[in-house]
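Trainee: Provide a 3D model corresponding to the input given below.
(one chain, ligands or ions: 1)
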Amino acid sequence: MCARDLPEEPSQEEFRLGLRNGIVLCNALNKVQPGAIPKVVEARTDTVMPADGSALCAYQYFENLRNFLVSVQDIGLPTFELSDLEKGGKGVRVVDCILALKSFSESKTTGRQTPCKYGSITKPSTSGKHFILKNSDAFMNKLMRSHTTEPIQKVLIAEQSIETDCCLESTEMTTSESLNMLVRTLLLDKKPEEIPLIVESLLIKVIQEYECRAANQHLVNCIGDLKGSDLFSRPEKPLPEKTSTSNRVKMGEEKPNLLKVTEEVSSVGRNDDCAAEQFQPGAEISIELQQKHIQELRNSLSSVKSGMEQLRIQYSEDFTKIGRQLYILSNAASGYHKVLEDNRKLYNQIQDLKGNIRVYCRVRPFLPGQANSSSSVAGMEERTITIITPAKYGKDGSKSFTFNKVFGPAATQEEVFSDMQPLIRSVLDGFNVCIFAYGQTGSGKTYTMSGPNVLSEESVGVNYRALNDLFNLKAQRKGTINYEIFVQMIEIYNEQVRDLLQDSGNRRLEIRNTSQKGLAVPDASIVPVTSTSDVAELMNQGQKNRVVGSTAINDRSSRSHSCLTVHVQGRDLTSGTILRGCMHLVDLAGSERVDKSEVVGDRLKEALYINKSLSALGDVIASLAQKNSHVPYRNSKLTQLLQDSLGGQAKTLMFVHISPEPDAVNETISTLKFAERVASVELGTAKANKEGGEVRELKEQIACLKATLAKKEGEPENIQSTQSSPNIYGINKGNATPVFRKNRQPMEDVGNLEVRNNVTPMQKALKFDIPGSGIHVEHNSPNSVKNCWVDNAAVGDNQFENSNSVREQEPNLTTHTLLPNLFYQRYTPGLQKGRVESVPGQESDEFNGVTNSCSSDQDMVMSASGRKVVGITNGGVSNKKKPREKNENNMTTRSTNPTCKSPPQSQKRLQTPVRSSVQKTPTKNGKQLLSGTDGRRTPSGKTNTVK
Ligand SMILES: Nc1ncnc2c1ncn2[C@@H]1O[C@H](COP(=O)(O)OP(=O)(O)OP(=O)(O)O)[C@@H](O)[C@H]1O
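Mentor: You can find the predicted model right below:
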């Protein structure tokens, strides 16, 4: 059959039969590409061909088609398989091929490259690149070309049958057989020397094909895996059947390798439409390996996951455990801190109970410009300081000292103050407090107490802060207690007491330890303060007046001991109780080695005085520490000043200062030794100075009586009233201007109940008549002893002062109550006139002391109305200066033994006018009355009541 034998519109079957012998195709190709198929085997005309063409010679059939396909492939057009022309074959491929041929023909005639729409093989064979065929037809055709017809036919028939076989397994079997046959046929007629070459070329082609397929397969698998991207989540695919083949390959089954490869190649070639599913042993192995790896990875991932999970559980358990432990620890820590705090409180309470002097140690930092050599301080803890010592102090080269608290060089003023705040606050509760700074010159005493030269909010010292605190508390307690605060500021310079609040304060003042409690510098200005700015102003003024000088050690060395005394009086608005507290803030002059400080002249004199007074302080401390009966307070003005704080019932705190310089280590160690000794001194429990309502009532009664008495007096000009006195100190509260008042007594001298109650039997039994007044005073009732001998002395003084007028008015008035000067002060107008105005500049040393003592009670006692009454002076009594009658030792003895306390000097001097008065004015029974004060001043302690 040829082309013209085909009907106009052939059916598919007709078309197939028309093409089956290949003649049409070959001719068409030769037309398009002349000479492409040199020899076309024509059909025999003498033979009647059956309808199905079965009679067609196999040779003709194969020859034409083979030649056609080879040529078409050479041109680069899509091919088809022989089986496609069989019944049931893929005719579409044949059509594609023909259409491609048509396109090729058109492109040739038009000269334009027409894209081939129907085929996959578009590259010209001349490109030199290896064709990746969808099937192995070309290869097979090449093989077939050189074979004898018969075997090839058989092989091809077998191939056809294989291709139609759907079952892979059976395909494998038939393919392997056919390949075996093919190979055998191929090699059958070859000479032995040609066989290796043929086999080699065969193998090369097989390998090439195999590699291509494997790569392809691998790619397809990878893409499939990536597309799935569920390596870890998708259930593992069961290995396809090919795995078994792969396994067989691995296990080296009976088939020879070459044949197996050939078989697989042909198998792959038959299944080109589903390449990803093809059986590829190399790829399979790699896939298998990869799957293994993936599996391993999965396994390790899951083990890591489970490990992580375990770790997470473990971690959360540990975390919870640690949390619990932390909670317990933090509880324990806070408990520990609480215990520490409690311990500290208890320790302080014990100290308070024992009355120990508290000692805080402060280390000064190196100063700017100082060679920052290594410090002599080896270490510091909260309460312990260790000093590197020169060899002589110990083998280990260090010595430790323990105090209530140790502050390092970095401690701020606020930190230092905060620790002593409770102490300061107790002043408002009626306690007497003394804080003093001790240490070598230049070690930072003034810095602690007042601050540096240029003050800032952070650098202000204890003094300013303490007063600020007092004012704050005062404001807080406004609704319950009404406080008044007064300030004195003095210095002891070369054993002279000077008033720092007076610009012309060169006048010598006296310290009057007239009572067990008393620190008395009565002549010093006392100034009311209502705010911290008042205090700052006063302190500035005081600092300006302070004697400072330059030494080799300190540019601005304090050459004196300074003392800021704060008096506080509070009145409980509900109960009427009076609280009196007093606080001394003392900045001592620094001890210095005169050879080191290189002082001469006045500075040397100052240094000697300073050292002498400090050594007296040391003696006092030593005596107190040893609980000696005799304590030498009177050996210096300093110890006199501190007497009540060191030996009384005050709360006392010493700041011991040390310099860090190694060359000051000797002074440092002796300072710390001294401080340790101070810390061992027990003063006894501090007591608050409270005056209850009962006492006040009694006082009011007394005042009433005095008023009655005063009313009856006919000569008001002889009596001075103090009613107008606005406050206990008789000073102008309106401003903070220092008011110099000579005759003042520190309030603790008169205000402390403890002092008053601590009177001797002799004092209690005091009885006397007021000379010339007819008034008999008996001081023997238990109630009447609440005023101490100071009060009595005052009475004595005043009774003498006013004796004439009183006597004349009420000659026979006798009272069994104490008659302190208060009475006269408050209810005898004009009494004050003649007293305070001492001659300016007059040295009224002893006498003033007497006056002060006498007037102290008047100064401090509250009147019934709540107002204070100012003490009266000795009035017209002589202000003559008298030499001291008693030596210092006697005075010291007095101070340590209240029962033997000598009366104030004034009383002795006042005896003269009293006596004369008594002599002049006999009593009714003809006996003269002597002043009851006699009893207090006799060394024997007897009461000299004259009947
Ligand atoms: N804690 C400190 N921080 C900073 N500077 C300090 C400190 N303590 C002292 N200083 C400085 O050291 C110098 C000496 O201090 P200060 O005058 O207070 O010593 P002092 O013990 O009062 O000396 P003196 O006894 O000679 O009067 C001053 O310049 C002071 O400012």
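
Trainee: any stretches of the stretch 651-800 of the chain with poor pLDDT?
Mentor: For the stretch 651-800 of the chain, the stretches with pLDDT under 70 are 683-696, 713-800.

Trainee: now do 50
Mentor: Applying pLDDT under 50 to the stretch 651-800 of the chain flags residues 715-800.

Trainee: what residue in it comes nearest to the ligand?
Mentor: Going by C-beta to the nearest ligand atom, the ligand is nearest to residue 657 of the stretch 651-800 of the chain, at 5.7 Å. For the C-beta atoms, the positions are set from N, CA and C on the backbone; glycine is no exception.

Trainee: the helix or strand that residue falls within packs against which elements?
Mentor: Element membership for residue 657 (DSSP states H and E) is strand 651-658. Applying 3 or more C-beta pairs under 8 Å, 6 or more residues apart in numbering; DSSP states H and E, one finds that strand 651-658 contacts strand 358-363, helix 413-428, strand 432-439, helix 445-449, helix 665-679.

Trainee: mind putting the ones you listed into TSV with mean neighbour count and distance to the ligand?
Mentor: Shown next, in TSV, are these (neighbours: other C-beta atoms under 10 Å; distance: least, C-beta to the nearest ligand atom, whole Å):
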stretch	mean neighbour count	distance to the ligand
strand 358-363	24	7
helix 413-428	18	8
strand 432-439	26	5
helix 445-449	25	3
helix 665-679	20	11
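
Trainee: quick one: closest of those to residue 203.
Mentor: Of all these, helix 413-428 sits nearest to residue 203, with 96.6 Å by C-beta to C-beta.

Trainee: quickly run through the sheet partners of the strand holding residue 657, with directions.
Mentor: Strand 651-658 sits in its sheet next to strand 358-363 (parallel), strand 432-439 (parallel), going by DSSP bridges.

Trainee: alpha carbons of that strand, as PDB, please.
Mentor: The C-alpha trace of strand 651-658 is given here as PDB (Å, rounded to 0.1, in the frame of the first residue of the first chain):
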ATOM      1  CA  LYS A 651      22.900  58.500 126.800                       C
ATOM      2  CA  THR A 652      26.400  59.100 125.500                       C
ATOM      3  CA  LEU A 653      27.900  58.400 122.100                       C
ATOM      4  CA  MET A 654      31.500  59.000 121.200                       C
ATOM      5  CA  PHE A 655      32.700  59.200 117.600                       C
ATOM      6  CA  VAL A 656      36.200  58.100 117.400                       C
ATOM      7  CA  HIS A 657      38.000  59.300 114.300                       C
ATOM      8  CA  ILE A 658      41.100  58.000 112.800                       C
END
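
Trainee: let's have the chain start at 43 instead
Mentor: Happy to do that; since the first residue is 43 now, the last one works out to strand 693-700.

Trainee: regarding the protein, what is its longest helix?
Mentor: Identified as the longest helix of the chain according to DSSP state H is helix 323-396.

Trainee: reformat the strands paired with strand 693-700 as JSON lines; add mean pLDDT.
Mentor: Below are these laid out as JSON lines (pLDDT from 0 to 100):
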{"stretch": "strand 400-405", "mean pLDDT": "92"}
{"stretch": "strand 474-481", "mean pLDDT": "88"}
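
Trainee: adding distance to residue 650, write those out as a markdown table.
Mentor: Output for these, formatted as a markdown table (distance: least, C-beta to C-beta, whole Å):
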| stretch | distance to residue 650 |
| --- | --- |
| strand 400-405 | 26 |
| strand 474-481 | 18 |
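
Trainee: ok, which of those strands comes nearest residue 600?
Mentor: Proximity to residue 600 (C-beta to C-beta) singles out strand 474-481 among the strands paired with strand 693-700, at 9.8 Å.

Trainee: and the closest residue to residue 486 other than its chain neighbours, what does it touch?
Mentor: Residue nearest to residue 486 in three dimensions, not counting chain neighbours: residue 406, with 3.9 Å by C-beta to C-beta, 6 or more residues apart in numbering. By C-beta atoms under 8 Å, 6 or more residues apart in numbering, the contact set of residue 406 is 451, 484-486, 489, 699-702.

Trainee: again with residue 527
Mentor: 509, 512-513, 516, 570-572, 608-610.

Trainee: on the three-state scheme, it is what?
Mentor: Three-state call for residue 527 (DSSP: H, G, I helix; E, B strand; the rest coil): strand.

Trainee: quick check, pLDDT for the closest residue to the ligand within the stretch 343-492 of the chain.
Mentor: Nearest residue of the stretch 343-492 of the chain to the ligand, counting by C-beta to the nearest ligand atom: residue 486, 2.8 Å away. As predicted, residue 486 sits at a pLDDT of 92.

Trainee: one more: residue 515?
Mentor: pLDDT at residue 515 comes out at 87.

Trainee: need the contacts of residue 527 in JSON lines with neighbour count, can you?
Mentor: Putting these into JSON lines (neighbours: other C-beta atoms under 10 Å) gives the following:
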{"residue": "509", "neighbour count": "25"}
{"residue": "512", "neighbour count": "23"}
{"residue": "513", "neighbour count": "19"}
{"residue": "516", "neighbour count": "18"}
{"residue": "570", "neighbour count": "21"}
{"residue": "571", "neighbour count": "22"}
{"residue": "572", "neighbour count": "15"}
{"residue": "608", "neighbour count": "23"}
{"residue": "609", "neighbour count": "25"}
{"residue": "610", "neighbour count": "24"}
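
Trainee: in strands, which of these appear?
Mentor: Taking DSSP state E as the definition of strands, the contacts of residue 527 contribute 570-571, 608-610.

Trainee: out of those residues, who's nearest the ligand?
Mentor: The ligand has its nearest neighbour among the ones in strands among the contacts of residue 527 in residue 608, at 20.3 Å by C-beta to the nearest ligand atom.

Trainee: need the contact list for that closest one.
Mentor: Residue 608 makes contact with 469, 508-509, 512, 527-529, 624-625, 627 under the criterion C-beta under 8 Å, 6+ apart.

Trainee: residue 107 contacts residue 67, correct?
Mentor: Yes: counting by C-beta atoms under 8 Å, residue 107 does reach residue 67; the two are 7.1 Å apart.
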